[in-house]
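Novice: Dropping a prediction and its sequence here:
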Number of protein chains: 2
Amino acid sequence: MAARPTSKTYESSDKVGVICRALRRAIIEQALEPGAKLPEDSLGERFGVSRTIARHALGQLAAEGLVELRRNRIAVVATPSWQEARDAFDIRIQLERLVVRQLAGKLTKSQIAELNAHVDAEDRARGGTDAVSIRLATEFHILLAQMTNSPILVRYVSEVAYRCCLTLSLYSRPHSTECAINEHRAIIAALAKGDEAKVMELMHHHLDSVANRALVAPAPLRGRDLLDILAPYADEVASDRVVKLPKIARRS
Amino acid sequence: MAARPTSKTYESSDKVGVICRALRRAIIEQALEPGAKLPEDSLGERFGVSRTIARHALGQLAAEGLVELRRNRIAVVATPSWQEARDAFDIRIQLERLVVRQLAGKLTKSQIAELNAHVDAEDRARGGTDAVSIRLATEFHILLAQMTNSPILVRYVSEVAYRCCLTLSLYSRPHSTECAINEHRAIIAALAKGDEAKVMELMHHHLDSVANRALVAPAPLRGRDLLDILAPYADEVASDRVVKLPKIARRS
DNA sequence: AGCGCTTCAATTGCATGCAGTTTGGTGTCG
DNA sequence: CGACACCAAACTGCATGCAATTGAAGCGCT
């Protein structure tokens, strides 16, 4: 007992958490597109853990709505419908209004500096890929939520923001981030000034315009395959199972 | 396997889900008080499953905020702080405003009948225990959410409503349900009439007054033990571990 | 009695194994 | 050529076993 010959202990050991964070990030950066398969085996192998753990992680992500779990089937990255995407944004708007309402006029100098630093990072990332821009923009909102010191609010805002990210990869066209960045700056300014009504309005407008820019049409524009498009028409036939059509190759 | 007549009904056979629902209900009916221990073994035994499944269920409930999970420790029913309780209600208000905004003037006759029937049930339950009244009141709100046909909204409203239930058992004094019932009726009426602004206002006021009635004082009044009361004072000492005091018998 | 130390049962963390289900491919027959 | 039956591989659902950690009782010391 004198030494720890087994260097097992060196880990932060929250293996489930590690996997969740990794997958979450992969999803919001669109490395994993909606519909991508997530077999427990592969996940376990990739992260050096057993299926049990991978499975548990998938359960968590399913609870967050990022992953879809169907009995006896391979888990897949969630594919929210257009309506769900719209709903997610509506919820998000309300939650983030709450965030900025709590924050208006209550931020410390260092917090404001932190926010500005983050937006600077967003600015620098403008040359990079869309994926990174989107992630940074999302993290800005999560950062705001964290400053409320309300764990519940942080959790819900994070969740719904991730979910919105997911929908961006489904329905959004390649998107211009500039205005978003400016709007972030405006929000910081209004927060610093303490104008509660103004900042709530700004946030509302900001998210609404992001949603409108993203969710342009109720039909999937970008690359989702036939099965998804046909899904609503299958409602009459069966609840869970799409009607069998001859030879539609699911993109594998 | 003797006692169980293998009621393998197609009712989802989802053992994890069964356990989650059972525990959720036990928690909101205050059969399980905040702080109650939930060892994986006992759970598994009680529900006739292995620890693996019980563990998974606990993970889900933890994701919903109903259960607290600390590494290598027995899971316990969550004990939200007063501030968290207040935050939960604030979030809930926003979410449910969204619900009634979507619903105003769009309910079918049968839906209205269903709501009225539910409130009638609440009425009949007035003689019974507080636990049942609280559960029914909560289910009324969830029922409303379900009528939006927005799965996301349903999930968030359910979660946060359960969480609020949890706080009631912590901070509320024995509570009078009559006004709540009347307010439910008023909400139904306004929904039927389609007065969006009015119903949002009603819901806001309803939840706010429930919160105010429940969260009377920032200090736990009812029966939480010393350790919880002292918790905030221990912040200085250690992040995770309460300072050791002589012989406080934790209610086992 | 009060305080530290040792020890041990209770409990969690995780991997593995087996059984049942789904999936995709192949062969057979109309 | 296409539809159907069938089979093997892949995968999930779940229980069980083992190592590691915790918490509390027991014990001696002051």
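Specialist: Nice, thanks for sending it over.

Novice: List the residues that contact the closest residue to DNA strand C within the stretch 1-150 of chain A.
Specialist: Proximity of the stretch 1-150 of chain A to DNA strand C (Cβ to the nearest atom of the strand) peaks at A:Ser50, 3.0 Å away. Placement of C-beta: from N, CA and C, glycine included. A:Ser50 makes contact with A:Gly44, according to Cβ atoms under 8 Å, 6 or more residues apart in numbering or on different chains.

Novice: same deal with A:Ala54?
Specialist: Here A:Ala54 is in contact with A:Ile19, A:Glu40, A:Asp41, A:Leu43, A:Gly44, A:Phe47 (Cβ under 8 Å, 6+ apart).

Novice: So which of the residues you listed are in helices?
Specialist: A:Ile19, A:Glu40, A:Asp41, A:Leu43, A:Gly44, A:Phe47 (DSSP state H).

Novice: Quick check: closest non-adjacent residue to the fourth one.
Specialist: Yep, that's A:Leu43 we're talking about. Spatially, and ignoring its direct neighbours in sequence, A:Leu43 is nearest to A:Ala54 (3.9 Å; Cβ to Cβ, 6 or more residues apart in numbering or on different chains).

Novice: helix or strand for the one you found, which one?
Specialist: helix A:51-64 (DSSP states H and E).

Novice: in its sheet, what does the helix or strand just after that helix sit against?
Specialist: Counting by DSSP H and E, the next helix or strand C-terminal to helix A:51-64 is strand A:67-68. Strand pairing for strand A:67-68, using DSSP bridges, gives strand A:75-77 (antiparallel).

Novice: Quick one: mean pLDDT over the partner strand.
Specialist: Average pLDDT, strand A:75-77: 97.

Novice: now check it, is it near DNA strand C?
Specialist: No. Against DNA strand C, strand A:75-77 shows no contacts by Cβ under 7 Å from any atom of the strand, the least distance being 10.7 Å.

Novice: Can you name the element that comes right after that strand?
Specialist: helix A:82-103.

Novice: now for the contacts of A:Ala54, which pair is the farthest apart?
Specialist: Using Cβ to Cβ, the contacts of A:Ala54 span at most 13.4 Å, a distance reached by A:Ile19 and A:Asp41.

Novice: Distance of A:Glu64 relative to B:Ser133?
Specialist: 32 Å (Cβ to Cβ, to the nearest Å).

Novice: Compare those two (neighbour count), which wins?
Specialist: The neighbour count for A:Glu64 versus B:Ser133, taken as other Cβ atoms under 10 Å in any protein chain shown, is higher for B:Ser133 (21 against 18).

Novice: What does the pLDDT read for the nearest residue to the more buried one once chain neighbours are set aside?
Specialist: Excluding the flanking residues, the one nearest B:Ser133 by Cβ to Cβ, 6+ apart is B:Thr177, at 4.6 Å. At B:Thr177, the model reports a pLDDT of 70.

Novice: tell me the contacts of B:Thr177?
Specialist: B:Glu122, B:Arg126, B:Asp130, B:Ser133, B:Ile134, B:Ala137.

Novice: helix or strand for the first one, which one?
Specialist: Looking back up the chat, that one is B:Glu122. With DSSP H and E as the test, B:Glu122 turns up in helix B:109-124.

Novice: then that helix to CSV, C-alphas only?
Specialist: Output in CSV follows, covering the C-alpha atoms of helix B:109-124 (Å, rounded to 0.1, in the frame of the first residue of the first chain):
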residue,chain,number,x,y,z
LYS,B,109,-63.1,20.8,-27.2
SER,B,110,-61.9,17.4,-26.1
GLN,B,111,-58.6,18.8,-24.8
ILE,B,112,-60.5,21.3,-22.8
ALA,B,113,-62.7,18.6,-21.4
GLU,B,114,-59.6,16.6,-20.5
LEU,B,115,-58.1,19.6,-18.6
ASN,B,116,-61.4,20.1,-16.8
ALA,B,117,-61.5,16.5,-15.9
HIS,B,118,-58.1,16.7,-14.5
VAL,B,119,-58.9,19.7,-12.3
ASP,B,120,-62.0,17.9,-11.2
ALA,B,121,-59.7,15.1,-10.0
GLU,B,122,-57.6,17.7,-8.2
ASP,B,123,-60.7,18.8,-6.5
ARG,B,124,-61.7,15.4,-5.4
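
Novice: Report the buried residues of that helix.
Specialist: B:Gln111, B:Leu115, B:His118, B:Val119, B:Glu122, B:Asp123 (16 or more other Cβ atoms under 10 Å in any protein chain shown).

Novice: so the fifth one sits right up against B:Arg185, yeah?
Specialist: No. Under the contact definition of Cβ atoms under 8 Å, B:Glu122 does not touch B:Arg185, with a separation of 9.6 Å.

Novice: so how far is stretch A:25-36 from its chain's centroid?
Specialist: From the chain centre to the centre of stretch A:25-36 is a distance of 9 Å (Cα atoms, centre = their mean, to the nearest Å).
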